[in-house]
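Chemist: Predicted model and sequence below, questions to follow.
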Amino acid sequence: QDGGGQPDWDAQLDAIYGGYMSNLDQMSGNLNTSYGENVDTLNQQSTIEEQKYGKQKEELLGDTQTSQDRYNDTLRSAYQDAVRSYNALAQQAKSRFGGGSSAGGAVGELAQQEFFKQQGQLQNKQAQGSLDFEKERGRINTYITDQVNQLGLYKKQAMDQLKQSLRDQLSAIDAKKTEVQSNKARDKMSLLQQAVSA
């Protein structure tokens, strides 16, 4: 009771409803903390996955480069074989027919034509190989970019769900707080009416 002999209804009602409000405030705090932790976890998982894709891209491109190097080594070896064959034929023609004879010149010319033919084929293979390996690198880059984009989309959807869930739960708590305040006001009015009619 206060000094005038009237009961201190506000203090009594605060004692009754204060615990509810305190619990609801605590729930709000817990939800916000949990939301922050979930966002941190989502960011960490996304970063780990993105790093995995980065590593996978490096490995795939590295494998492609290794294959291209091997392919080029094979072509270089074939070119060196062609040069050796040409030199051997030219040497044989020279020793067999002499440098100035028409037969020696004809054999030398045939050897030269064969060499140029092989050289042209090797150049074509190298050009085609370079294009094929470039296409493969393009496919790898596209694949990894798609995976990273899908990861970004998943992350955005997961973040949107976390936000929506937080909003929904906080709204429910706010509705409960409003209900508690309304009940408190109703009870105070009821006490006042009882006091007036007493």
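Modeler: In hand now; what should we look at? Given the structure is predicted, the values throughout are model-derived calculations rather than measurements. Residues are numbered from 1 along each chain as shown.
Chemist: And residue 158, how far from residue 37?
Modeler: Using CB to CB, to the nearest Å, residue 158 is found at 14 Å from residue 37. The way it works is simple: take the backbone N, C-alpha and C, and place the C-beta from them, glycine included.
Chemist: Looking at the two, which one has more neighbours?
Modeler: Taking neighbours as other CB atoms under 10 Å, residue 158 and residue 37 compare with residue 158 leading, 16 against 10.
Chemist: Pull the contacting residues for the more buried one.
Modeler: residue 42 (CB atoms under 8 Å, 6 or more residues apart in numbering).
Chemist: three-state assignment of it?
Modeler: Secondary structure for residue 158, judged by DSSP: H, G, I helix; E, B strand; the rest coil, is helix.
Chemist: Could you check how far it is from residue 44?
Modeler: In terms of CB to CB, residue 158 sits 13 Å off from residue 44.
Chemist: Report the secondary structure state of residue 169.
Modeler: helix.
Chemist: what about the closest residue to it other than its chain neighbours, distance to residue 164?
Modeler: Nearest non-adjacent residue to residue 169, counting by CB to CB, 6 or more residues apart in numbering: residue 31, 5.4 Å away. Look at residue 31 and residue 164: by CB to CB, they are 13 Å apart.
Chemist: For the two, work out which one has more neighbours and name it.
Modeler: Shown here are residue 31 and residue 164; by other CB under 10 Å, residue 31 has more neighbours (16 against 10).
Chemist: got any ranges where this structure has weak pLDDT?
Modeler: In the predicted model of the chain, residues 1-7, 93-94, 96-108, 198 satisfy pLDDT under 70.
Chemist: Report the central residue of the chain.
Modeler: Relative to the mean C-alpha position of the chain, the nearest C-alpha, by CA atoms, centre = their mean, is the one of residue 148, at 2.9 Å.
Chemist: dump the residue contacts of that residue.
Modeler: Applying CB under 8 Å, 6+ apart, the residues near residue 148 are 50, 53.
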